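my questions concern the predicted model and sequence given below.
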Amino acid sequence: MPIQIIWGDDLNASNEFIQKLINKEVSNNWKEINVSQLNGDDSNQVIKAFEEIITPPLGDGSRVVVLKNNPMFTIKNDEITIKFKKIHGNIPHNTFLLLQNIKKPDSRLKSTKFIKTLIKNDLASEISFCLPDIWDHKGLINYLEKTANSMNIEVDQNTAILIIESVGNDSYKLKSELEKAKLYLSAKNKDNNKSRLHLKSEDVKTIFNDHQSNIFKIIDHLLQKNISQSLIEINYLLQKGESALRLNAGLISQIRMYTIVLLLSNSGEKDIAKICSLANISNPKRIFFIKQKVKNISPDFLIKLMSNLLNIESWLKRGNNPINVFTENLVNLTL
């Protein structure tokens, strides 16, 4: 397809897709001329992308024009939409216009409605690369297993949990660590003809660098009443650009789950299926791990923590400074 819409917050996967297409379609001898990397934050570069995409490639192979931070389907701009409609039919068959953005195209915009028509008529294509939310445990495991399988690595549930606790939803770090694991397992097994490499829990503890701050570490510190360390981890994520409301929503989701499991366990409930249903847990095996984490925690502490997190949500929505809000509402947990 000459026009490809690429969106999603997994920039590592998105950039890999773009690079593979460039390597496949563009002649090595003409890459410097036939590959353009432009930034959609600059309106002049958007226009330049339109101008370059209707110019046939020089030499053999194809031309690829990449417009990162593409604004066409996220911001209303009638001038750009009109220009795009004028040039889309003049794109040579051996050129590619890659329109990339983290955000999903806004279905309300005229430009998005137009591109949907092109997609329906096989004149454009759309592909998304989205990371699971950091608190979406099932989604993270599925993403990890898919990535590992693509690298011919097999992981079990316990191994997957350890990896997630180490890398969170950082796709670049996950790929890097799995590459390291592949080299380690190949050397360990001394068998290059092995069709599948099995990554075990003990291997993860040996290979992975466990310095990635994530929501599970924050929760562990909170459960241990190590508030100062939890605030350090929270501040680290905020400094990396994590949304304070998204982070707090993840904490609320997980602590609610832990609280329900603890209360049901204390009441003598033994029906795992019922606990899973009430706590919204898809994997029954998680119940055992959660019980281990909360066995020495009082229900009053978890209820107070939940109340404070809901209070944090309220203050964040009023536009208050995130780290101040987290600090003021978490330090009193130990009082």
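Now that the structure is in, tell me what you want to look at.

beta partners for Glu126?
Ile5 (DSSP bridges).

my read: it touches Lys120, true?
No. Using Cβ atoms under 8 Å, Glu126 makes no contact with Lys120, being 10.7 Å away. (Each C-beta comes from the backbone N, C-alpha and C, glycine too.)

I'd guessed Val331 sits against Ile227; true?
Yes. Taking Cβ under 8 Å as the definition, Val331 is a contact partner of Ile227 at 5.8 Å.

in the strand or helix carrying Tyr172, which residues are buried?
If you go by DSSP states H and E, Tyr172 is part of helix 171-189. For helix 171-189, burial by neighbour count (16 or more other Cβ atoms under 10 Å) applies to 171, 173-175, 177-178, 181-182, 185.

returning to that earlier point: who's more crowded, Glu126 and Lys120?
Glu126 (18 against 9; other Cβ atoms under 10 Å).

residues in contact with the more buried one?
Glu126 makes contacts with 4-7, 105, 115, 119, as judged by Cβ atoms under 8 Å, 6 or more residues apart in numbering.

make TSV from these and add neighbour count to it.
Below are the contacts of Glu126 laid out as TSV (neighbours: other Cβ atoms under 10 Å):
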residue	neighbour count
Gln4	20
Ile5	25
Ile6	23
Trp7	20
Pro105	21
Ile115	24
Ile119	16
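
helix or strand next in line after the helix holding Tyr172, which one?
Downstream of helix 171-189, the first helix or strand assigned by DSSP H and E is strand 197-199.

from the contact counts, what lies against the helix or strand following that following strand?
Next along the chain after strand 197-199, taking DSSP H and E as the criterion, comes helix 201-207. For helix 201-207, the packing partners by 3 or more Cβ pairs under 8 Å, 6 or more residues apart in numbering; DSSP states H and E come out as helix 157-167, helix 171-189.

kindly calculate the angle that the longest one makes with helix 157-167.
On the basis of axes from the mean of the first three to the mean of the last three Cα atoms, to 10 degrees, helix 171-189 is oriented at 130 degrees to helix 157-167.

who are the packing partners of helix 171-189?
Where contact means 3+ Cβ pairs under 8 Å, 6+ apart, helix 171-189 is packed against helix 11-25, helix 137-150, strand 153-155, helix 157-167, strand 197-199, helix 201-207.

next one: it to chain centre, how far?
Mean-position distance between helix 171-189 and its chain equals 20 Å (Cα atoms, centre = their mean, to the nearest Å).
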